[in-house]
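[1] below are the sequence and a predicted model for it; my questions follow.
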Amino acid sequence: MSKLFEPLTLRGVTLRNRFALSPMCQYTATDGRVNDYHTTHYGRFSLGGFGLLMVEATAVSANGRITHGDLGLWDDAHIEGLSRIAAFAKAYGATPGIQLAHAGPKASIQRAFEGNGPLDERDVARGEHPWPVVSPSARPAAKGWLVPEALDAEGIAKVRADFVAAARRALRAGFDVLELHCAHGFLLNAFLSPLTNDRSDHYGGSFENRIRLPLEIAREVREVWPRDKPLFVRVSAVDGSRSGWTIDDSVAFAAALKAVGVDVVDCSSGGFGVFEYPSGYGFQVPFAAQIRRQARIGTMAVGMITDPRQAEEVIASGQADLVALGHAALRDPHFPLHAQQTLGAARPDAAHADWNIQAGWWLDHREDKLRQLGPWVSTKKTVADGCTV
């Protein structure tokens, strides 16, 4: 039996397998709204066999967007479009999840495929103007980027309220898993990291102060998110620079998150400073393993997981509870179903039984025909001079 294809129950929600779609920004929304691209994009992963379908970073406020193309949940008008994604996922066996985010110092920039830097005159010419950004401290995310306003008490209270309101809307949209984004240099990560948080109040300085706002948000969201639905938190397990946030910090933070009702820590990395850690295959898996072992909390591993056997090893060895695929999923939206066949976990009498029936029926009949034909052999004949006829 493949461990990858064992169901996972978190509170009252059961995922059909251990594969998760990693949240990946598509930068294709207008005013935060879902369009046909999003329904098609997420629909293919629902059909592709993923257990957990995690929708991309979804802004809790308009000024919390990374770009003009981000999805949003700061208005009730966003609910209907997102509900279509959640309903389709459920109809085809996937569990719908959504990541709530505030970009903080990395807000108000270009889409990744349009420059991934500060908005410039070309963006303004097409009607995409910059907006004020906020952060724990008045430090730009990078040279030449907007200088953020340091959040005051009123601003911090609004951020907390925005996350809670967005969580309520996510529930109305039909999502069963919620994830808070505390990674990759965005607002909550900026509070956590000593490289970016130089506040002198009770939200800065010591470790306990730097985790205060993310922990408050997790606690308040947990209070409105149903007890039978799991709550995830994505962290940068380490900053890029070894002088910043460390894996030991993440273990301690994970333990605090567990105490307020978080179920799974989604273990990414980086965000501040040049990345000084190894970055080969599965490079973030050891972070997930250490947090799982030492904080005694569920973890999701992500990062350069490209082979079904590699993913199986992560789960079978107890390094994580879930494997999240990003780029590998974009390359192959049916990665879990292909992995099932690679690992011998498919039914021998109906290899495509877990595919949606509209495709599986045809593919099983094709398999029967291929068995009759045997392996394909070229009909070309090679002549002595190397040419073919």
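    Nice, thanks for sending it over. Residues are numbered from 1 along each chain as shown.

[2] before we move on, what SS does the residue nearest the centre of the chain have?
    What sits nearest the mean C-alpha location of the chain, by Cα atoms, centre = their mean, is P23, with 2.7 Å. Recorded secondary structure, P23: coil (DSSP: H, G, I helix; E, B strand; the rest coil).

[3] gap between it and R347?
    Distance of P23 to R347, given as Cβ to Cβ, to the nearest Å: 31 Å. Glycine gets a C-beta too; all of them are placed from N, C-alpha and C.

[4] same thing with V238?
    Counting by Cβ to Cβ - V238 and R347 are separated by 42 Å.

[5] low-confidence bits of this protein, can you list those?
    382-389 (pLDDT under 70).

[6] got the contact list for the residue nearest to R219 when sequence neighbours are not counted?
    Excluding the flanking residues, the one nearest R219 by Cβ to Cβ, 6 or more residues apart in numbering is V260, at 4.3 Å. Contact analysis of V260 by Cβ atoms under 8 Å, 6 or more residues apart in numbering lists L215, A218, R219, R222.

[7] now render these as JSON lines, adding neighbour count and secondary structure.
    As requested, the contacts of V260 are exported to JSON lines (neighbours: other Cβ atoms under 10 Å; DSSP: H, G, I helix; E, B strand; the rest coil):
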{"residue": "L215", "neighbour count": "22", "secondary structure": "helix"}
{"residue": "A218", "neighbour count": "26", "secondary structure": "helix"}
{"residue": "R219", "neighbour count": "16", "secondary structure": "helix"}
{"residue": "R222", "neighbour count": "19", "secondary structure": "helix"}
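
[8] which one among those gets closest to V264?
    A218 (12.1 Å; Cβ to Cβ).

[9] now the closest one. Nearest residue, chain neighbours left out?
    Going by Cβ to Cβ, 6+ apart, A218 has V260 as its nearest residue, at 5.3 Å.

[10] hmm, who's touching the top helix by length along the chain?
    In the chain, with assignment by DSSP state H, the single longest helix is helix 153-172. Contacts to helix 153-172, defined as Cβ under 8 Å, 6+ apart, come from residues 58, 60-61, 64, 73-74, 76, 78-79, 82-83, 98, 100, 102, 134, 149, 151, 178, 180, 187, 203, 213, 216-217, 220-221, 224-226, 229.

[11] please report how far L192 lies from I85.
    L192 is 29 Å from I85, by Cβ to Cβ.

[12] what does R44 give?
    From R44 across to I85, the span is 12 Å (Cβ to Cβ).

[13] and if you look at W376?
    Distance from W376 to I85, by Cβ to Cβ: 39 Å.

[14] before we move on, back to that, quick check: the gap between the residue nearest to A218 and R347.
    42 Å.

[15] and the residue nearest to Q340 when sequence neighbours are not counted, how many neighbours?
    Nearest residue to Q340 in three dimensions, chain neighbours excluded: A346, at 4.8 Å (Cβ to Cβ, 6+ apart). By other Cβ atoms under 10 Å, 20 other residues sit near A346.
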